[in-house]
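S.K.: Model the following, please.
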Amino acid sequence: MSFYPLQFEPILKERIWGGTKLKSYLNKPITSEITGESWEISTVENDVSIVANGDFKGKSLNELIEAYPNEILGTKVYAKFGKQFPLLFKYLDAREDLSIQLHPNDELAQKRHNSFGKTEMWYVMQADADARLIVGFKEKSSPEEYIQHLENKTLLQILDSKKVKPGDVFMLNTGTIHALGAGILIAEIQQTSNITYRVYDFDRVDANGNPRELHVDLALEALNYDKVEAQRFYEKQENISNEVINCQYFTTHFIPLNGNLKVDKKNDSFTVYMCVDGHFELYFDGKTSAYQKGDTVLIPASLTDFQLSGQAAILEIYIS
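M.R.: Presented below is the predicted three-dimensional model:
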């Protein structure tokens, strides 16, 4: 079997806070003006990615992993996770502020939901003037202070807010209270989990006039009340992989591509490239694939020798 770079049909999600940037900036085939998310690579139940190119077109990612676990996932990933794809890749467009929320760690998520926890990172692709996001508390808090402000609808007073620009990166460890602000387009890399505890939603209602469900009680035990430093700063040397995040769940590098980059990998982990700006080509086994901003591609672990060429900003993600 000859393996090749895999692209998938985007799984588009309407959200109360969504907009149209996924189409205008990333060329996604959205059909509504409130599309908030494009799930690029997913094995979340009922949202499993379908291959969009090549010999495997029409097959699900789960089918490929079932048939070729070492070749797709890599020997090390397969040994650790079995036939589970451990990461979820998305683009998000926040036309309005997202709810204030947090995610449980592995232990809580397993106990309560039979799921992975949800450690995630954000890479800011585009931000309107003065766009901001919320990440963590301004100072160390406590359950008592947090509940008091939540009940008084003054929670924003104790939360840390940061103005953002393209290229900014935030690491959101489990338990970190956070919210993506209006006017921001991001690439998101996270554990395979769809568990979110929403604690405040600005008293918004859905299309039927109903407030969205909150998870205040569940969040209390999951919340990290310490002050966190979530923003990450990183090198941007051309034509090399600059480390941005290295955690137990994923490693992310930033590649400012201006010309060529030869890549040699082991067969221990898949690699994902998210093109966050520009365009590039990937040369492998005498073949060529082309990608542009907004494209996400999964390189099977068995594809260990290839070359990138072009002018692009690329996120490179794998499991160490």
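S.K.: Looks like Gln126 contacts Pro166 (just checking).
M.R.: Yes. The pair Gln126 / Pro166 is scored as a contact, 5.9 Å apart, by Cβ atoms under 8 Å. Glycine gets a C-beta too; all of them are placed from N, C-alpha and C.
S.K.: Name the residue in these two with the higher neighbour count.
M.R.: Using other Cβ atoms under 10 Å, the more surrounded residue of Gln126 and Pro166 is Gln126, with 19 against 14.
S.K.: Bridged to that one, which residues?
M.R.: Beta-bridge pairing for Gln126 (DSSP bridges): Leu185.
S.K.: which residues does it contact?
M.R.: The contact partners of Gln126, taken as Cβ atoms under 8 Å, 6 or more residues apart in numbering, are 21, 25, 166, 184-185.
S.K.: For Leu150, see how far away Trp217 is.
M.R.: To be clear, residue 217 is Asp; Trp isn't right here. Distance of Asp217 to Leu150, given as Cβ to Cβ, to the nearest Å: 11 Å.
S.K.: tally of neighbours for Pro104?
M.R.: Using other Cβ under 10 Å, Pro104 is surrounded by 27 other residues.
S.K.: repeat for Arg232
M.R.: For Arg232, the neighbour count with other Cβ under 10 Å is 16.
S.K.: for it, which residues make a bridge with it?
M.R.: Here Arg232, judged by DSSP bridges, has bridge partners Val169.
S.K.: hmm, back to that, and Asp217 and Leu150? which has more neighbours close in?
M.R.: Under the neighbour definition other Cβ under 10 Å, Asp217 and Leu150 were set side by side, and Leu150 has more, 17 against 9.
S.K.: For that one, identify the helix or strand it belongs to.
M.R.: Per DSSP states H and E, Leu150 falls inside helix 143-151.
S.K.: Surely Leu61 touches Ala52?
M.R.: No. The pair Leu61 / Ala52 is not scored as a contact, 11.2 Å apart, by Cβ under 8 Å.
S.K.: Which parts of the stretch 151-300 of the chain are helices?
M.R.: Ranges of helices in the stretch 151-300 of the chain, per DSSP state H, counting those that start in this stretch, are 216-222.
S.K.: Just the strands from it, written as ranges.
M.R.: Taking DSSP state E, counting those that start in this stretch as the criterion, the stretch 151-300 of the chain carries its strands at 159-163, 169-172, 178-179, 184-191, 197-200, 231-232, 242-246, 251-264, 271-284, 287-292, 296-299.
S.K.: Can you give the contact residues for the third one?
M.R.: Right, the one you point to is strand 178-179. Residues from elsewhere that reach strand 178-179 (Cβ under 8 Å, 6+ apart): 97-102, 133-136, 170, 172, 230.
S.K.: between those, which is closest to Lys13?
M.R.: Nearest to Lys13 among those: Leu98, at 12.6 Å, using Cβ to Cβ.
S.K.: Grab the nearest non-local neighbour of that closest one.
M.R.: Counting by Cβ to Cβ, 6 or more residues apart in numbering, Leu180 is the residue found nearest to Leu98 once chain neighbours are left out, at 4.5 Å.
S.K.: returning to what we had before: anything in contact with each of Leu61 and Ala52?
M.R.: Shared contacts of Leu61 and Ala52, defined by Cβ under 8 Å, 6+ apart, comprise Phe8.
S.K.: Of the two, give the one with the bigger neighbour count.
M.R.: Neighbour totals were compared for Leu61 and Ala52, and Leu61 leads with 20 against 13 (other Cβ under 10 Å).
S.K.: Quick one: mean pLDDT for stretch 240-255?
M.R.: Mean pLDDT, stretch 240-255: 97.
S.K.: Other residues contacting that stretch?
M.R.: The contact list for stretch 240-255 (Cβ under 8 Å, 6+ apart) reads 86-87, 119, 121, 123, 169, 171, 189, 191, 232, 234-236, 239, 256, 261, 308, 312-320.
S.K.: what's the spacing between Ile245 and Ser115?
M.R.: 22 Å.
S.K.: nope, Ala207 is what I was after
M.R.: In this view, Ala207 and Ser115 are 28 Å apart by Cβ to Cβ.
S.K.: more crowded one of these two?
M.R.: Neighbours per residue, other Cβ under 10 Å: of Ala207 and Ser115, the larger number sits with Ser115, 19 against 8.
S.K.: Now do the contacts for the more buried one.
M.R.: Going by Cβ under 8 Å, 6+ apart, Ser115 touches 109, 193-195.
S.K.: Over to the residue lying closest to it once chain neighbours are set aside. Which of the three states is it?
M.R.: Excluding its sequence neighbours, the residue lying closest to Ser115 (Cβ to Cβ, 6+ apart) is Ala109, at 4.6 Å. Three-state call for Ala109 (DSSP: H, G, I helix; E, B strand; the rest coil): helix.
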